[in-house]
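**Q** Fold the stuff below for me.
(chains A and B)
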Amino acid sequence: MSVKHERYSKFRSYFTPYRIWLVVTFFLLSGWAAINYSHGHRFYALFIIGFYLVSLLLPKPSFTLVLVSVVAYVFLSSVSFSAFTQVRKTVELAMENPSQPLNNLLLPHTGLEVLPEPVLQMLDMINEHELTNYRLSPKYNENYRIVQRIIESAWPLRMTEQAANVFTMIDETGDFSACKLIDQSEEVALVNCP
Amino acid sequence: MSTALNLLRLFGLTAGALLYLVGLGWLIVGPLLHANLTRRRMDSSLIDEIPLILLGGFILNFGILLILQKLNLSLIVSGIFGVIGLVLFVLYLARNHFYKVRNPDSVNKWIGAVFFILLLSGPILSNAIYDWDARSIWFFHAKMIYFAGSIGLEAGWQDPTVVFSQLDYPKLIPSLAAQIMHIMGFWNEYLPKLSLLLVFIPPVVWLVTFARKTFSYAFLVFLLPFSFFPWLWNGYMDGLLALYFCIALLLFDRYTQEGRLIDLLSSLACALFLLYIKNEGNLALLVLLFAFALQFLISKWPLRLKFKPGLIVNWRYVIIAIAALVPFVIWNIYERQWGLSSDLGLGSTESFQRLAARITDGSLSLITEKIFKYINASLMLLVVLLTSILLFKRPFVRESLPAIIATSLYVLGMSAIYLVTPHDLVWHLNNSTVRVMELANGGFTIASYMILRALEHDPVVNEPKPIRHI
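**A** Numbering: from 1, shown residues only, chains lettered A, B, ... in the order given. Model prediction:
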């Protein structure tokens, strides 16, 4: 009876709740690492298992190890560094030529250069010919990039289905032989279809 | 010379906008904090009050525009209110804060906030509106309001060619951009982003109020605004949504630690402001309120109510909360009147049919995989820190619970939205998961920060006795 009791107490003293938790945690972390590994996040899988095993091997838990792990995570996973690069680039550009960003901010119609080339050509034609309406050819209408960009950049001029002025691709002008060619640029033709 | 003049113009515009918003906001926040517009009743510092006042200003400004609809008229009316509010605020400032402003701690925090804002104003203002949603949705709405001179139907909300533009989205930031351009009298693709900078100021000031000379705070400022790159300055609203969500969690945490009422009010104001940033803000507000309520119940458990709950309701707070919700309600009424419904069709019979179909057709694993891809990094850090708690034999950091619960619920809610989306699922996931999960990344980062802070300040962790753990 006493031998049995002694074995039981040895068992109990070895399998403390803390150690049981450590084992459970190990299995949970292994599962977590396996999920990461199978999804191609191999670094994270190795990182978490490595962190856990190193912590266990140390004579006592180390807060320094936690800090190092956090710093490693920040270095390897965070996009903050890209953000810093962007901030630095902006500051450098502003220092080199401070008038440029200020002019961009405080002059009308700046920033249109971000638009696709065909849209810029359409905008030029709208301004040059003082169009009061427009629509896009079927081919341009299929390209939602062009559709959305011209609608928002030409606003408040609205695109209407009944418009006589049609922007077409250069190779599409044959489909509009009944219409009058008003203007033509590298990629865009403007025709009038009464 | 022209550069100096332009700089002065930009500075004048920004300063004018801030003073106008402070004046307007004071008319709401003064009664909220002090039940008075000139006398101080609550013990709160100016650096805690200013961001809350700005939030009040944004909401009141938007509310007046929604009611009057015309940009001109609303700016005149708001301007009058703004001037009155500003005069009262200056009186309040002179009476109550004049000597405290020069407190070195307060000065350092203000300098930190200004430095932070200047640093981030570069990428916000120096890049033209380029990215897709910024051009097709947010600043296109601003342009529509600007050219119509009105937020009403004249703006063109019912034009059949603009249906791609998610016209039901909140209009607070587009309205602000339109007002700025209306004052300047022209449109370009840079200056409307000043509205983003203005809305970015309150969370930055709040972030600075948490300043400590600790590793955990360095971790927080390093990750919190900067890890939302590029969503904080490319004209999308996801970065701002995530930032306000995180600040709401941080302020609530400080309220639970220090019990200052201004932190609770500011936290709830941040949560409420989410409604005005983006549609996902509705979900974010709900999960935050749930997490706060749960934390409150846990901290007070077992509840012993010695009074009737009805008697503790402070009607001043209720009235101001309702007033702050009025613009949201008005916009929703307009939306219904003008037929600007959400393209998601949430709650419709079709949405439930799609939900049933997608649960069984493998879509769920596709959604899980995609979401996991984008939240994995922040989740991993949280797992590392939770494991550290166990290794140090420390109790679970209860302060991190609201952040973990709210963020997890948000992720679940977004998964449910993906399950019912009428769009092609792969297209929808590819186009939105990376940015809508910024909020989840922020939430998990806040939970990690709270655990790290607890470990850093834990005497057992910092002065470790020999702990034999195996």
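
**Q** for the closest residue to chain B within chain A, what are its contacts?
**A** When scored by C-beta to the nearest C-beta, chain A has A:G111 as its residue closest to chain B, at 2.6 Å. In this view, the C-beta of every residue, glycine as well, is placed from N, C-alpha and C. Counting by C-beta atoms under 8 Å, 6 or more residues apart in numbering or on different chains, A:G111 touches A:N104, B:A128, B:I129, B:N188, B:E189, B:Y190.

**Q** Mind doing that once more with 6 Å?
**A** B:A128, B:N188, B:E189, B:Y190 (C-beta atoms under 6 Å, 6 or more residues apart in numbering or on different chains).

**Q** quick one: least confident helix or strand in chain A?
**A** Least confident helix or strand, chain A: helix A:2-14 with a mean of 74, by mean pLDDT, DSSP states H and E.

**Q** Let me see the confidence value for B:M42.
**A** Note on B:M42: pLDDT of 82.

**Q** do you know how far it is from B:L93?
**A** Using C-beta to C-beta, to the nearest Å, one obtains 15 Å as the distance from B:M42 to B:L93.

**Q** When those two are compared, which one has more neighbours?
**A** Comparing B:M42 with B:L93 by neighbour count (other C-beta atoms under 10 Å in any protein chain shown), the higher total belongs to B:L93, at 19 against 15.

**Q** what's downstream of the strand or helix carrying that one, the next helix or strand?
**A** Here B:L93 sits within helix B:71-96, counting by DSSP states H and E. Per DSSP H and E, helix B:71-96 leads on to helix B:104-126 as the next helix or strand towards the C-terminus.

**Q** Show me what that next one is packed against.
**A** helix A:80-96, helix B:194-209 (3 or more C-beta pairs under 6 Å, 6 or more residues apart in numbering or on different chains; DSSP states H and E).

**Q** Nearest to B:V83, out of those helices?
**A** Among the helices and strands packed on helix B:104-126, helix B:194-209 comes nearest to B:V83, with 18.5 Å by C-beta to C-beta.

**Q** how far is that closest one from where the chain is centred?
**A** Averaging C-alpha positions (C-alpha atoms, centre = their mean, to the nearest Å) puts helix B:194-209 9 Å from its chain's average.

**Q** Next secondary structure element downstream of it?
**A** Going down the chain from helix B:194-209, the next helix or strand is helix B:215-223, by DSSP H and E.

**Q** returning to what we had before: would you mark the buried spots in the very next helix or strand once past the least confident helix or strand of chain A?
**A** Moving toward the C-terminus from helix A:2-14, the next helix or strand (DSSP H and E) is helix A:17-38. Of all the residues in helix A:17-38, those buried under the rule 16 or more other C-beta atoms under 10 Å in any protein chain shown are A:L22, A:T25, A:L29, A:W32, A:A33, A:N36.

**Q** Tell me the residue of chain B that sits nearest chain A?
**A** Closest point on chain B to chain A, by C-beta to the nearest C-beta, is B:E189, at 2.6 Å.

**Q** what about that residue, helix or strand, and which?
**A** Here B:E189 is assigned to no helix or strand, by DSSP H and E.

**Q** Can you give me the neighbour number for it?
**A** Using other C-beta under 10 Å, B:E189 has 24 other residues around it.

**Q** I'd assumed B:Q179 was in contact with B:I145.
**A** No - counting by C-beta atoms under 6 Å, B:I145 does not reach B:Q179; the two are 8.4 Å apart.

**Q** circling back to that earlier point, now the two most distant members of the contacts of A:G111.
**A** Taking C-beta to C-beta, no two of the contacts of A:G111 sit farther apart than B:A128 and B:N188, at 8.2 Å.

**Q** Quick check: closest non-adjacent residue to the residue most central in space within chain A.
**A** In chain A, the residue lying closest to the centroid (C-alpha atoms, centre = their mean) is A:V79, at 11.2 Å. Distances taken as C-beta to C-beta, 6 or more residues apart in numbering or on different chains put B:F229 closest to A:V79, at 5.0 Å, once the chain neighbours are dropped.

**Q** In contact with that neighbour, which residues are there?
**A** Contact analysis of B:F229 by C-beta under 6 Å, 6+ apart lists A:V79, A:S82, A:A83.

**Q** Could I get the contacting residues of the second one?
**A** Under the criterion of C-beta under 6 Å, 6+ apart, the contact partners of A:S82 comprise B:F229.

**Q** gap between it and A:N165?
**A** Distance from A:S82 to A:N165, counting by C-beta to C-beta: 44 Å.

**Q** circling back to that earlier point, as CSV, the helices and strands packed on helix B:104-126 with distance to B:F219 would be great.
**A** Below are the helices and strands packed on helix B:104-126 laid out as CSV (distance: least, C-beta to C-beta, whole Å):
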stretch, distance to B:F219
helix A:80-96, 10
helix B:194-209, 13
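
**Q** mind checking which of those is nearest B:V329?
**A** B:V329 lies closest to helix B:194-209 among the helices and strands packed on helix B:104-126, at 20.7 Å (C-beta to C-beta).
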